[in-house]
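In: Got a predicted model here, sequence first, then my questions.
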Amino acid sequence: MKKWIVALGALLVLSGTSYAATVAEDCGCGLGKELIGEKEGLGWNLLGTFLNGTSGNQTFGMSTGTLGCSKPEKFVMNERMDIFVADNMDSLAVDIATGNGENLDALMEIAQVSGTEKAKACEALQNNFDSIYPTANVENTDVAQSIRGILAQI
């Protein structure tokens, strides 16, 4: 066991001059990046990668936008849509039923539907109103999921 520790220590010391990529460039975001920072060398990259993989901290960082990570754009868009739908269930239902309105415009912006596709998207939502709002007690998460499914087909 001591041989492995000595070998890893030697690798960390010697690799600083033989490999010039920084930890941030090669092992991504997470605990390793935060603790090791901009140190260079293969050994530091290996240690950073190991630390990033422990305890799922890199996955946590990517899903929360912490530990030097940023949230994937689609994740952020879905989160914003879920919040918007939850806050505007009734007025959004009216706008989708009529095919236009302020809340529907805001939804199109959150979903990043371009100007040329906006009319088609609004029409598709209006045509699928009964599947988006199948009952008066439908959950906001189900509404948001239905909207995403319809918009994905456009």
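Out: That came in fine, so what should we check first? Numbers count the residues shown, from 1 in each chain.

In: Run through this protein and note the low-pLDDT ranges.
Out: Counting by pLDDT under 70, the chain has low-confidence residues at 1-28, 31-33, 35, 52, 55-76.

In: Okay, domains of it per the record?
Out: 2-64, 73-152 (automatic domain parsing).

In: for the host helix or strand of residue 107, packing partners?
Out: Assigning secondary structure by DSSP states H and E places residue 107 in helix 102-110. The contact analysis (3 or more Cβ pairs under 8 Å, 6 or more residues apart in numbering; DSSP states H and E) places helix 102-110 against helix 73-87, helix 89-98, helix 115-127. Just so you know, the C-beta spots here come from the backbone N, C-alpha and C atoms, and that holds for glycine as well.

In: try 6 Å
Out: helix 73-87, helix 89-98 (3 or more Cβ pairs under 6 Å, 6 or more residues apart in numbering; DSSP states H and E).

In: Kindly compare burial across these and name the winner.
Out: Using mean count of other Cβ atoms under 10 Å, the stretch among the helices and strands packed on helix 102-110 with the largest mean neighbour count is helix 89-98, at a mean of 17.

In: For it, output the C-alpha coordinates as PDB.
Out: Provided in PDB are the C-alpha atoms of helix 89-98 (Å, rounded to 0.1, in the frame of the first residue of the first chain):
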ATOM      1  CA  MET A  89     -52.400  27.600 -14.300                       C
ATOM      2  CA  ASP A  90     -55.800  29.300 -14.700                       C
ATOM      3  CA  SER A  91     -54.800  32.200 -16.900                       C
ATOM      4  CA  LEU A  92     -52.600  30.000 -19.100                       C
ATOM      5  CA  ALA A  93     -55.500  27.600 -19.600                       C
ATOM      6  CA  VAL A  94     -57.600  30.500 -20.900                       C
ATOM      7  CA  ASP A  95     -54.800  31.600 -23.200                       C
ATOM      8  CA  ILE A  96     -54.200  28.100 -24.600                       C
ATOM      9  CA  ALA A  97     -58.000  27.600 -25.100                       C
ATOM     10  CA  THR A  98     -58.200  30.900 -27.200                       C
END
